[in-house]
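*Asks:* Let me see the structure of the following:
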Amino acid sequence: MIVRNWMRAHPMVVDSDVLLSEAKRLLTENNLHGLPVVDNGRLRGLITRANCLRAAHFALRTQNTDELNYFSNRIKVKDMMVRNPATVDADDTMEHCLQLGQKLGVAQFPVMDQGQVVGIISANEVFSLAAHFLGAWEKRSGVTLAPLELGPGVIGRITDIVEAAGAEVQAIYPIGKPEDINPQEHHRKRVIVRFHCEDTKHVVKALEEAGFQVIESVQARH
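*Replies:* Below is the predicted model:
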């Protein structure tokens, strides 16, 4: 999965001399979490909703008319923006984007292509990606299997068992957190299975009888 296929393309941007109050208005009215700051085609920073809210909260807390006027008419984006923000390339993988976000504790990245801002990727797009994977709009049922050794044929065996129990398999996701994976046993992962069926209990019973440990199950609501 490539970033350019999941990013929000042609993002709204502001220049560094825009008033912070105006940036706050744009973020709020467009339900955005961040705006790339671009001067003469060059990325200079990132202004986030959190930056704006923090400054506005300080001005309101003082209950001082001069402070409120200063916030509204004097503070500019360049005074509060994150300078030289971390970025990702449009041709980077989503896996790289997610790893970098976790490493840096960053919730949004400007997306670059040949030195130009061509998009933005944020927690919203990540949630959308997760929703697509899990079939959030398709009312899928599912089970999660305890960590197991994913040798040749294991995924196929799981699929056969689930479908023999009367379910229609939609997706299978082996997952594992880096801290949960023993370097000596890097093939051991939890397995999430998503499917359509009338009763998840039949699938759970079939998997457990085959020797798999089911640690959770979800029945789709119709």
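*Asks:* secondary structure element for the residue nearest the centre of the chain?
*Replies:* Taking C-alpha atoms, centre = their mean, the centroid of the chain lies closest to residue 126, which sits 2.1 Å from it. Element membership of residue 126, judged by DSSP states H and E, is helix 123-134.
*Asks:* helices or strands up against that helix?
*Replies:* helix 94-104 (3 or more C-beta pairs under 8 Å, 6 or more residues apart in numbering; DSSP states H and E). C-betas here are computed from N, CA, C, even on glycine.
*Asks:* any idea where the strands of this protein begin and end?
*Replies:* Taking DSSP state E as the criterion, the chain carries its strands at 8-9, 34-39, 42-48, 82-83, 88-89, 108-113, 116-122, 141-149, 168-175, 188-196, 214-218.
*Asks:* Can you check which of those strands gets nearest to residue 15?
*Replies:* Of all those, it is strand 34-39 that lies closest to residue 15, at 5.3 Å by C-beta to C-beta.
*Asks:* Where in the protein is the helix or strand with the lowest mean pLDDT?
*Replies:* helix 65-73 (a mean of 62; mean pLDDT, DSSP states H and E).
*Asks:* quick one, what contacts residue 22?
*Replies:* Residue 22 sits next to residue 14 when contact means C-beta atoms under 8 Å, 6 or more residues apart in numbering.
*Asks:* hmm, back to that, dump the strands of the chain to CSV, plus mean pLDDT and distance to residue 2.
*Replies:* Converted to CSV, these look like this (pLDDT from 0 to 100; distance: least, C-beta to C-beta, whole Å):
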stretch, mean pLDDT, distance to residue 2
strand 8-9, 91, 13
strand 34-39, 94, 20
strand 42-48, 94, 20
strand 82-83, 90, 25
strand 88-89, 94, 10
strand 108-113, 94, 11
strand 116-122, 92, 11
strand 141-149, 92, 27
strand 168-175, 90, 19
strand 188-196, 90, 23
strand 214-218, 92, 30
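*Asks:* between these, which one is nearest to residue 95?
*Replies:* strand 88-89 (11.1 Å).
*Asks:* Each with direction, which strands does the closest one pair with?
*Replies:* strand 108-113 (parallel) (DSSP bridges).
*Asks:* got the angle for the partner strand vs strand 116-122?
*Replies:* Per axes from the mean of the first three to the mean of the last three C-alpha atoms, to 10 degrees, the angle that strand 108-113 makes with strand 116-122 is 150 degrees.
*Asks:* Okay, buried residues for strand 108-113 please.
*Replies:* 108-112 (16 or more other C-beta atoms under 10 Å).
*Asks:* Likewise for stretch 205-218?
*Replies:* Buried, per 16+ other C-beta under 10 Å, within stretch 205-218: 206-207, 212, 214.
*Asks:* Also stretch 195-202?
*Replies:* Applying 16+ other C-beta under 10 Å to stretch 195-202 flags 195, 197, 200 as buried.
*Asks:* The residue nearest to the centre of the chain touches residue 99, doesn't it?
*Replies:* No. Using C-beta atoms under 8 Å, residue 126 is not in contact with residue 99; the gap is 11.9 Å.
*Asks:* Outline the domain layout of this protein.
*Replies:* Domain segmentation of the chain under automatic domain parsing yields 3-130, 135-218.
*Asks:* show me what contacts residue 167?
*Replies:* Counting by C-beta under 8 Å, 6+ apart, residue 167 has contacts 141, 195-197, 202-203.
*Asks:* Go again with 6 Å.
*Replies:* 195, 197, 203 (C-beta atoms under 6 Å, 6 or more residues apart in numbering).
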